[in-house]
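[1] Please work out how this folds:
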Amino acid sequence: MNTREPSLPLDVAALDSYLTDVIAGFRGPICARPFVHGQANRTYLLETSHERYVLRRKPPCVLPSANAVEREFRVMRALLPTEVPVPRTLCYCDDSTVIGTPFYVMEYIEGRVFEDVRLESLAPDERKAIYAALNRVIAALHSVDPERAGLGDFGKPGGYVGRQVARWTRQYRACEAQRIEAMEQLIAWLPQHTPAQQPCRIAHGNYRLDNVIFHPREPRILAVLDWELATLGDPLADFVYHCMPWRVAPELTGPGIPTESAYVRAYCERTGRAAVEHFDFYMAFGMFRRAALLRGVAAQCMAEAAWAQAQRAAGGLA
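    Sure, this is the predicted structure:
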């Protein structure tokens, strides 16, 4: 994964001192560089003379319930013994005086991250295997019993879509720059057409090709990342959101890439379903949610830039 120069200041000295106390065998000094990929919780590569780690921090200037890094930490720790591949978490810090916001540290996993859903750099048989692995892992996630995984209280057991529509409507209103009629129509239409929820499962919330790490040479997923939106919810809403590239990227066709219908059938076979009912409703819900999320990301980036500038002007961070 690529890194870039920091845009959000990070107090490396304070972080070094903290991690020396809480992670066994940790030895600084640290070189910290943000990853290019990722828009919400900020992710940094931490390098020492003998080891690499990954830090995820909550950005400043967000809604109180947003970007909950403690939930990411908890769900990954709970899923470690399951068939869902996740990084090993090392520590969580809720003390904002260390680097300015809560954060956690996890192991660094060497592998491949694909940002192009068309996988144009791969041969057709490799593309087929990559999509099969994606399908297999989301099916495995939706097969985990939340109670047995210790996540029975990770969210409310019912009304997932209704709560999500309300939540993302509030997010959208808080960051709204101008009135968009299509969004207004969706905000009115979705609550009136919400289907009955499926049995509650762990919903990743943003399961995408570029949120997983593949083995350097094999079509095998080593880690699922970006759990900040994870909760208990409707697995079909989670799965259909994952299928969005077939609707927003018309070029998602070609040798080795399954059709949307074939991909849905594979998921149904793996989860023991006859079909994904109300697919079009879930897709409309996913489009709405994605639009609200991107509006929030844009507002967050502007607020974060202003916060960082103020910190530098005050001489608080380098």
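
[2] For the residue nearest to the spatial centre of the chain, give its distance to A123.
    In the chain, the residue lying closest to the centroid (CA atoms, centre = their mean) is D226, at 2.7 Å. Computed as CB to CB, to the nearest Å, the D226 to A123 distance reads 27 Å. Where C-beta positions appear, they are placed from N, C-alpha and C, glycine not excepted.

[3] now do H242
    24 Å.

[4] what about R295, helix or strand, and which?
    helix 279-313 (DSSP states H and E).

[5] What segments of the stretch 1-150 of the chain are helices?
    Along the stretch 1-150 of the chain, counting by DSSP state H, counting those that start in this stretch, helices occupy 12-22, 69-79, 124-141.

[6] so which of those helices gets nearest C91?
    The closest of those to C91 is helix 12-22. By CB to CB, the value is 4.7 Å.

[7] and that closest one, which residues are buried?
    Of the residues in helix 12-22, 12, 15-16, 18-19 count as buried by neighbour count, 16 or more other CB atoms under 10 Å.

[8] Point out the other helices and strands that it packs with.
    Packing partners of helix 12-22 (3 or more CB pairs under 8 Å, 6 or more residues apart in numbering; DSSP states H and E): strand 31-34, strand 89-93.

[9] got the ones you listed as CSV, with mean neighbour count and mean pLDDT columns?
    Shown next, in CSV, are the helices and strands packed on helix 12-22 (neighbours: other CB atoms under 10 Å; pLDDT from 0 to 100):
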stretch, mean neighbour count, mean pLDDT
strand 31-34, 16, 92
strand 89-93, 19, 97
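
[10] what's the span of stretch 195-210 from first residue to last?
    29 Å (CA to CA, to the nearest Å).

[11] Quick check: mean pLDDT of that stretch?
    Mean pLDDT, stretch 195-210: 94.

[12] Can you list the buried residues in it?
    Buried-residue list, stretch 195-210, by 16+ other CB under 10 Å: 197-198, 200-210.

[13] Nearest to L252, out of those residues: which one, please.
    Nearest to L252 among the buried residues of stretch 195-210, with distances taken as CB to CB, is L209, at 10.4 Å.

[14] need the contact list for the closest one.
    The neighbours of L209, taking CB atoms under 8 Å, 6 or more residues apart in numbering as the test, are 114-115, 117, 130, 134, 245.
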